[in-house]
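Colleague: Need a 3D model of the sequence below.
(chains A, B and C)
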Amino acid sequence: MPELPEVETVRQGLAKWVAGRTIRTVEVHHPRAIRRHLPGDGHFIAMLQGRTVLDVSRRGKYLWLPLDSGDAIVGHLGMSGQLLMQPATAETEKHLRIRFTFTDDGPELRFVDQRTFGGLAVSEGGAELPAEISHIARDPMDPLFDDEAFVARLRGKHTEVKRALLDQTLISGVGNIYADEALWRSGLHGNRATDQLTRPAAKRLLAHVRDVLGEAIVAGGTSFDALYVNVNGESGYFDRALNAYGREGQPCHRCGTAIRREQFMNRSSFSCPRCQPRPRTR
DNA sequence: CGGAGCTCCTGGGAGC
DNA sequence: TGCTCCCAGGAGCTCC
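Modeller: Next up, the predicted model:
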């Protein structure tokens, strides 16, 4: 699910609730939740019990929690993962995968994930930047993101612009919703060829990506249902500000034309037929 | 090698 | 009520 704004919302909540706390116990309730941790659940648990969480960091859609050991808990929410702070007395969620308790007996941290596409792992020595996510590009909210290099790489690709926006090794953090929103703002159809974008057009696209991500962070992310919530189970409200995604048949906020829905990469894409004309050739 | 398609899961909702 | 089909905010793997 969660794209950069939703993950950032979770990061902010987690940092507030778990930074400085020491893990007492770890329970793994489903093996798929730690499938990226190859040594298995016994090792996962042993690496974490007694460790203090220093902070919560994020790159793109990945989170990591640096520990006082120099290791880190690295995680991805996948399509349906949630990190929730819960009192120990709260009922166990149906899809609870991992539970952390802390030595202060305060709220627990629970990883809940219906579809099990998400997961956590311990990254040895990964406190600074886990090796597991070194293949991921910086995200556009990162102060060290290189705009010029992005524009050059984007224009050097032989692919379609939406596919490129979803390529986490080119630019991280953008998913299906915010790709459609940035393309709508840019007046570009997702099937446009990246190597035919002018430099100014590519720079405008990046600016729109950054703007829409920033606005969504302020709104606490986009929530269509209870699957996408912050660490306290609360929904964001950026869905009210969407211009394209999920608006099939509704009037374009710029020109009034009905928003269309098309299949692309086996998923839905939403765009304005008038503001975002389909390219002649693919 | 870069690019494109398939696959891993569960459950909600629509349609019959 | 109950079945079947379609859909979902992702990304790693594998093929060409």
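Colleague: How about the residues of the stretch 151-282 of chain A by DNA strand B?
Modeller: A:157-160, A:163, A:265-266 (C-beta under 7 Å from any atom of the strand). Using the backbone N, CA and C atoms, a C-beta is placed for each residue, glycine as well.
Colleague: count of neighbours near the closest residue to DNA strand C within the stretch 101-250 of chain A?
Modeller: Nearest to DNA strand C, among the residues of the stretch 101-250 of chain A, is A:Gly175, at 2.1 Å (C-beta to the nearest atom of the strand). Per other C-beta atoms under 10 Å, the neighbour tally for A:Gly175 reads 22.
Colleague: Surely it is in contact with A:Gly60?
Modeller: No - using C-beta atoms under 8 Å, A:Gly175 makes no contact with A:Gly60, being 9.6 Å away.
Colleague: which bits of the stretch 1-150 of chain A sit near DNA strand C?
Modeller: So the stretch 1-150 of chain A meets DNA strand C at A:1-3, A:6, A:60-62, A:76, A:78-79, A:115, A:117, A:135 (C-beta under 7 Å from any atom of the strand).
Colleague: switch the cut-off to 10 Å
Modeller: Residues of the stretch 1-150 of chain A lying close to DNA strand C (C-beta under 10 Å from any atom of the strand) are A:1-7, A:35-36, A:60-62, A:76-81, A:114-119, A:132-133, A:135-136.
Colleague: Could you check how far the host helix or strand of A:Ile217 is from the centre of its chain?
Modeller: Here A:Ile217, judged by DSSP states H and E, is contained in helix A:199-218. Taking C-alpha atoms, centre = their mean, to the nearest Å, one finds helix A:199-218 lying 16 Å from the centre of the chain it belongs to.
Colleague: Give me the residues contacting it.
Modeller: A:3-5, A:8-9, A:139-141, A:147, A:150-151, A:154-155, A:161, A:165, A:171, A:173-174, A:178, A:181-183, A:185-186, A:188, A:197, A:222, A:236, A:238, A:241 (C-beta atoms under 8 Å, 6 or more residues apart in numbering).
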